[in-house]
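Asker: quick one, what's the 3D model for this:
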Amino acid sequence: MDVVWSGDWVAERLGVALEGDGELRELLGLALRRNPKRAHLLVSNVLGKHVPQRPSVVYGAGYGLGERVRALLGTEDARRAVVLGYAETATGLGHAVADGLRDAPYLHSTRRPVAGVAQAGGFEEAHSHATSHLLLPEDPELLAGGAEASPLVLVDDEFSTGNTVLNTIRALHESHPRERYVIVALVDMRSAGDRDRLTAFAAEISARVDLVTRSTGTVTLPEGVLERGQALVAAQEAEQAEQAGQAGQAGQAEKAAAALAPVTRVDLEWPTGVPDGGRHGFTPAHRVTLEAALPGMAERIAGALGSNVRRVLVLGFEELMYAPLRLGTALEAALGEDGAEVRYSTTTRSPVLAVDDPGYAIRTRLVFPAHDDPADGPGDRYAYNVAKAGFDAVVAVVDSTADTPELHAPDGLLTRLAAHTGQVLLAVVPSYAPLPVQEPAVLPEPLRGPDFSSYTPEDVGWLLQDLSHTELEAPTEEREEAIQSGGAHYAESLPVEYQPSAEYQALFTAALDASAARIARAVGTVTETVLAERGPRPVLVSLARAGTPVGVLMRHWARHRHGLDLPHYAISIVRGRGIDATALRWLAAHHGPADVVFVDGWTGKGAITRELAAAIEEFEASGGPGGSAGPAGFNPEIAVLADPGGCVRTYGTREDFLIPSACLNSTVSGLISRTVLRADLVGPDDFHGAKFYRELAESDVSGDFLAAVNARFDEVADQVDAETKELLAADRAPTWEGWAAVERISEEYGIHDVNLVKPGVGETTRVLLRRVPWKILAKRGAGADLQHIRLLAEQRGVPVEEVDDLPYSCVGLIHPRFTRGATGADGKAVQGA
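Answerer: Modelled structure (predicted):
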């Protein structure tokens, strides 16, 4: 059977001829583009840019070239080499070449300026749609030249004239001269004259220049091909526009909107400290860490895919090619046994004509607005050969800089993809940016009552900024839909403050009377444990806001029993975004970081415990408060009042009981809201934000809660001493029993997202107050501790299911597929939705 070459359409109409070795036509097809410099486009079948290809094929092409470079240079020079790839099309190829060299650091050029990062060089690309390349290495010595300079390996997808490489070597050699360069490409398509020019230039600068390519050939362009190509593009676009008009764009749009696939965000758990790519450099140490993390990330993606998915596209984003490529290779390995097919390609800023013909390399295109706030302003971006390609699912991989409202807009990339596949997963890789070298910022000072909170000034210093005059509240159902659709993060808005009914307020009062002694025991036990293990004068730092009443009580216990006046601050931590680094810098500037003890109210499944550990690790890896002065020495362990999930080693109890401060929101937490982190409100040197609800002063029971527990300190003192002695001698290693239970419940109830399972009395209360609950699981036989849970569930129309074999008193399940249609007009959950 004759196989149609994907360059026939262009070759037949413009007379463009592609000649070379036997593999050339397998590697390349042809397309046309609206470009004043070059009308034709060589479309690679193994680059992973325009044509979806198996990730292993794409990665293998680059890795194999890297192995050839390693053999050319020899082991010692290969270890010293630096690899430089070109934006946007060769960022992934260059990184794969660096992997093939094994020990070489990697850098790619970029068209994205990064504030505060010094430019180490730049050059122009003559025929590209976008020309200016920036070099922004974090290590200023990476490209250093001189007599002992390392070989520089330059990687591009194709050599058509050699001008790009010539411009690069000229720019770099002037500031960083070296003796050896190696040029790597998939195909070398230069003319004899272009080859001679590069040879002459190498002699001019007295450097050795080697060439490693997979295939070699030439492109023959008839006279006038640029003008004829431009005319052909214009004619095709006019014809396509007329056909679209006849088909009825409005009707098509309505049909597509009605059949959009769901978009789900998947948490990759990208390894802390590993860059998203080579924009600022990627070291061998980064490579080792990423390789170890790839199988787990692939499993998380695979777990989020539908059970009937047989054909998956991993779609990268412009310069972000390597991270999605490696996720693709790992996913290919993970799904291989099931026979599922994985393909990989990336979006691009380059406009190319699409013609639905087997003899043409670009058969379809999706158009959407740029979504990373590009330096050259807004414009269209493109995804080729994705529409009508029969993908059951698309995994869109972007960096966090590009996770913007434009990405989620009705005309954005995710919506465009959702019209052409059965499922869209969004995987966001944290954008890596080196800490800029700058004068230390003047850090803000803590806020204190009565100006901010109803607590006394000495009880807590809030490492927050006051956003009381900013409108941040949104209806619960609206917030839930935005959060689960990926359109917003929960920390970007606030729930409307729940105003308890008289019945509920009475329930709080009764619960406080019944449990005050129990809480006092837990407060005393955890405080004594901290004093015994973390030194005589620890600095208490509570995680706002659930941890803050506990931090205040611990401070009161230390003063009551030991006459100690312990410093206490409240700090913000946000799941998925990390801890407030500005607040950590303030703490490091005013206290010994090793003295800081983080405090929270209780553990659920341990998500915040893990978040804090990762955030502190990232902060320490970045050099601590000064960025380069070395680690600060913060200990990420958390001390909690109750640890039913078995997630920490410093706790007052591991029982899951009602802590009355969990029953209410701000009115038991000093009238302070949850913390807020939103880019337009919180700058790089600002504390995270929160609101002080002064208007709720008449409902405030923060002081009543403290007084009720303080009054029981003396009567529990002996029990505390005995329990502390027992705990200090015991094996308190975390068991993570709660996390295992949450994973089991997530699967048993078909939720498949542990973030929507909230275990324990405290977390279940939060679900009922702030989120859209689906159902409540109650441990059979649980008594008075669940009275307020049952009352709230009744008020919101949420079923309570009695279950056995539950390590918690109760578990709250957030509605797993929430839209506003999943609740009734009164805001109550619809049964069976």
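Asker: from here on, contacts and neighbour counts on C-alpha atoms
Answerer: Noted.
Asker: where does pLDDT dip in the stretch 651-800 of the chain?
Answerer: 770 (pLDDT under 70).
Asker: all helices for it, in order.
Answerer: Using DSSP state H, counting those that start in this stretch, the helices of the stretch 651-800 of the chain run over 702-710, 713-729, 737-748, 761-770, 787-796.
Asker: got the CA positions of the helix or strand following the last one in CSV?
Answerer: Toward the C-terminus, helix 787-796 is succeeded by strand 800-803 as the next helix or strand (DSSP states H and E). This file holds the C-alpha atoms of strand 800-803, laid out as CSV (Å, rounded to 0.1, in the frame of the first residue of the first chain):
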residue,chain,number,x,y,z
VAL,A,800,-25.7,11.2,57.5
GLU,A,801,-24.6,7.6,56.9
GLU,A,802,-23.8,5.4,59.9
VAL,A,803,-20.7,3.2,59.2
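Asker: next SSE after strand 800-803?
Answerer: Following strand 800-803 in sequence, per DSSP H and E, is strand 810-814.
Asker: state the mean pLDDT of that next one.
Answerer: Across strand 810-814, the average pLDDT comes to 92.
Asker: output the contacting helices and strands for that strand.
Answerer: In terms of contacts (3 or more CA pairs under 8 Å, 6 or more residues apart in numbering; DSSP states H and E), strand 810-814 is packed against strand 757-759, helix 761-770, strand 773-779.
Asker: ok now it, how far from the chain's centre?
Answerer: How far strand 810-814 lies from its chain's middle: 26 Å, per CA atoms, centre = their mean, to the nearest Å.
Asker: please save the CA atoms from it in PDB.
Answerer: Listed next in PDB are the C-alpha coordinates belonging to strand 810-814 (Å, rounded to 0.1, in the frame of the first residue of the first chain):
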ATOM      1  CA  CYS A 810     -17.000  11.200  61.300                       C
ATOM      2  CA  VAL A 811     -15.900  12.100  57.800                       C
ATOM      3  CA  GLY A 812     -17.300  14.800  55.600                       C
ATOM      4  CA  LEU A 813     -17.500  14.200  51.800                       C
ATOM      5  CA  ILE A 814     -17.600  17.200  49.500                       C
END
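Asker: name every strand pairing with that strand and say which way it goes.
Answerer: Neighbouring strands of strand 810-814 in its sheet, by DSSP bridges, are strand 757-759 (antiparallel), strand 773-779 (antiparallel).
Asker: hmm, who's touching the first one?
Answerer: If you take CA atoms under 8 Å, 6 or more residues apart in numbering as the criterion, strand 757-759 is touched by 604-605, 738, 742, 745-746, 764, 767, 808, 810-814.
Asker: cool, and the longest one?
Answerer: Residues outside strand 773-779 that contact it (CA under 8 Å, 6+ apart): 764, 767, 793, 798-806, 808-816, 829.
Asker: can you pick the most crowded of the contacts of strand 757-759?
Answerer: Highest neighbour count within those: residue 810, with 30 neighbours (other CA atoms under 10 Å).
Asker: tell me what the residue nearest to that residue when sequence neighbours are not counted is bridged to.
Answerer: In space, residue 810 comes closest to residue 778 once its chain neighbours are excluded; the distance is 4.3 Å by CA to CA, 6 or more residues apart in numbering. Beta-bridge pairing of residue 778 under DSSP bridges involves residue 802, residue 810.
Asker: residue 778: neighbour count?
Answerer: Neighbours of residue 778 under the rule other CA under 10 Å: 25.
Asker: check the one 3 residues further on too.
Answerer: If you count neighbours by other CA under 10 Å, residue 781 ends up with 10.
Asker: kindly report the same for residue 471.
Answerer: Going by other CA under 10 Å, the residues that sit close to residue 471 add up to 10.
Asker: ok, now residue 227?
Answerer: Residue 227 - counted by other CA under 10 Å - has 13 other residues nearby.
Asker: hang on, it is in a helix, isn't it?
Answerer: Yes. Under DSSP: H, G, I helix; E, B strand; the rest coil, residue 227 sits within a helix.
Asker: in the chain, what helix or strand scores lowest on average pLDDT?
Answerer: helix 249-258 (a mean of 48; mean pLDDT, DSSP states H and E).
Asker: any idea how far residue 158 is from residue 94?
Answerer: To residue 158, residue 94 is 12 Å away according to CA to CA, to the nearest Å.
Asker: okay, these two: which has more neighbours?
Answerer: Higher neighbour count among residue 94 and residue 158: residue 94, with 32 against 22, using other CA under 10 Å.
Asker: need the nearest residue in space to the more buried one, chain neighbours excluded.
Answerer: With sequence-adjacent residues excluded and distances taken as CA to CA, 6+ apart, residue 94 is closest to residue 85, at 4.5 Å.
Asker: circling back to that earlier point, which other helices and strands contact the helix or strand following the least confident helix or strand of the chain?
Answerer: Going down the chain from helix 249-258, the next helix or strand is strand 263-266, by DSSP H and E. Identification of packing neighbours for strand 263-266 by 3+ CA pairs under 8 Å, 6+ apart yields helix 284-304, strand 424-429.
Asker: from the contact counts, what lies against the shortest one?
Answerer: Secondary structure elements in contact with strand 424-429, counted by 3+ CA pairs under 8 Å, 6+ apart, are strand 263-266, strand 393-399, helix 413-418.
Asker: buried ones in it?
Answerer: 424, 425, 426, 427, 428, 429 (16 or more other CA atoms under 10 Å).
Asker: just stretch 344-364 next, same as before
Answerer: Buried residues in stretch 344-364, counted by 16+ other CA under 10 Å: 344-355, 359-364.
Asker: ends of it, how far apart?
Answerer: Stretch 344-364: ends 16 Å apart by CA to CA.
Asker: again, but for stretch 44-56
Answerer: 15 Å.
Asker: can you give me the helices for the stretch 1-150 of the chain?
Answerer: Going by DSSP H, counting those that start in this stretch, the stretch 1-150 of the chain shows helices at 8-14, 24-27, 55-73, 75-80, 91-101.
Asker: out of those, nearest to residue 193?
Answerer: Relative to residue 193, the nearest member of these by CA to CA is helix 24-27, separated by 20.8 Å.
Asker: who touches that closest one?
Answerer: Contacts of helix 24-27 (CA under 8 Å, 6+ apart): 5, 18, 44, 45, 46, 187, 215, 216, 217.
Asker: residue 108 versus residue 288, what's the distance?
Answerer: Distance of residue 288 to residue 108, computed by CA to CA: 19 Å.
Asker: who has more neighbours, those two?
Answerer: residue 108 (29 against 11).
Asker: circling back to that earlier point, from the buried residues of stretch 344-364, which land in helices?
Answerer: Judged by DSSP state H, the subset of these located in helices is empty.
Asker: which ones among those residues map onto strands?
Answerer: 344, 345, 346 (DSSP state E).
Asker: of those, which is the nearest to residue 656?
Answerer: For those, the nearest to residue 656 is residue 344 (46.7 Å; CA to CA).
Asker: now do the contacts for that closest one.
Answerer: Listed by CA under 8 Å, 6+ apart, the contact partners of residue 344 are 48, 52, 53, 54, 55, 313, 314, 315, 316, 324, 325, 328.
Asker: nearest residue to the fourth one other than its sequence neighbours?
Answerer: Yep, that's residue 54 we're talking about. Counting by CA to CA, 6+ apart, the residue nearest residue 54 is residue 343, at 4.5 Å.
Asker: number of residues surrounding the one you found?
Answerer: Residue 343: 25 neighbours (other CA under 10 Å).
Asker: if I look at the residue nearest to residue 810, how far off is residue 795?
Answerer: Taken as CA to CA, the span from residue 778 to residue 795 is 17 Å.
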